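Undergrad: how would this look folded up:
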Amino acid sequence: MKIKAIFILLLFAIGVNYAGAAINASAFMKEASDKITSSKSITASFRISSAGQQNITGTIAVKGSCFAVTTSSNSTIYDGATQWTVSAADREISIFEPTADEIAQVNPFSIIKSYNRDYNLKMLQSDNSIVKMQLTPKSVDSSIRTITITFGAASKMPQHMTITLDDGTVLNVSIGDIKTNADIPSARFSVSAKDYPGYEIIDLR
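TA: Numbering: from 1, shown residues only. Next comes the predicted model:
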């Protein structure tokens, strides 16, 4: 009986610990999401690396559901409904309406904002310096397999993301120089073809 009682107590303790971990993960993500959502705007620099691919560096500006990403080779602009990708090398402008997964692969802050709707959470690490979370898409049709996000424990802002796609591609995204509440004009999040004379327009909508 003693052994059985001890075993039951151990199971209860383990259950309490798991529940506590889940609550902490949700609470932290909610604070991180609220911080991003409540910011007037966010600007940051980033670096993306993937095996067999050239590293990409650039900057991102986010305001509400809109974002603008600039790299040395192209610009990607999203106004909350439509996305434009402007390629100077090819002199092309591609226009389409992205899925949530496609937005997540371009705008890492959107992942954090939509965590509660789109992902299941698991806390991988938590200490005084960093908090590491694993996000698994709730949708079985998602092109994303898993996302691991490393946050600053105090800042609650992302420092690094590892995005694993369903084809096995792994994107490593380092994020730095994060600033909030800059006054970004709305014109930053729109594209006019007249500003790109001679560019081919590829409308995929």
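Undergrad: name the nearest residue to residue 88, sequence neighbours excluded.
TA: Distances taken as C-beta to C-beta, 6 or more residues apart in numbering place residue 74 nearest to residue 88, at 6.8 Å, with adjacent residues excluded. In this view, the C-beta of every residue, glycine as well, is placed from N, C-alpha and C.
Undergrad: what about the one you found, distance to residue 164?
TA: 24 Å (C-beta to C-beta, to the nearest Å).
Undergrad: comparing those two, which residue is more hemmed in?
TA: Remark: of residue 74 and residue 164, residue 74 carries more neighbours, 18 against 14, as counted by other C-beta atoms under 10 Å.
Undergrad: residue 84 is in contact with that one, correct?
TA: No. Contact criterion C-beta atoms under 8 Å: residue 74 and residue 84 do not qualify, at 10.0 Å.
Undergrad: what about stretch 170-184, average pLDDT?
TA: The average of the pLDDT scores along stretch 170-184 is 93.
Undergrad: so what touches that stretch?
TA: Contact partners of stretch 170-184, identified using C-beta atoms under 8 Å, 6 or more residues apart in numbering, comprise 39-51, 61, 63, 105, 108, 155, 157-165.
Undergrad: how about a cut-off of 6 Å?
TA: Under the criterion C-beta atoms under 6 Å, 6 or more residues apart in numbering, residues 39-50, 61, 63, 108, 157-158, 160-164 lie in contact with stretch 170-184.
Undergrad: go on, stretch 43-61?
TA: 68-71, 171-179, 182, 184.
Undergrad: alright, that wraps it up for me.
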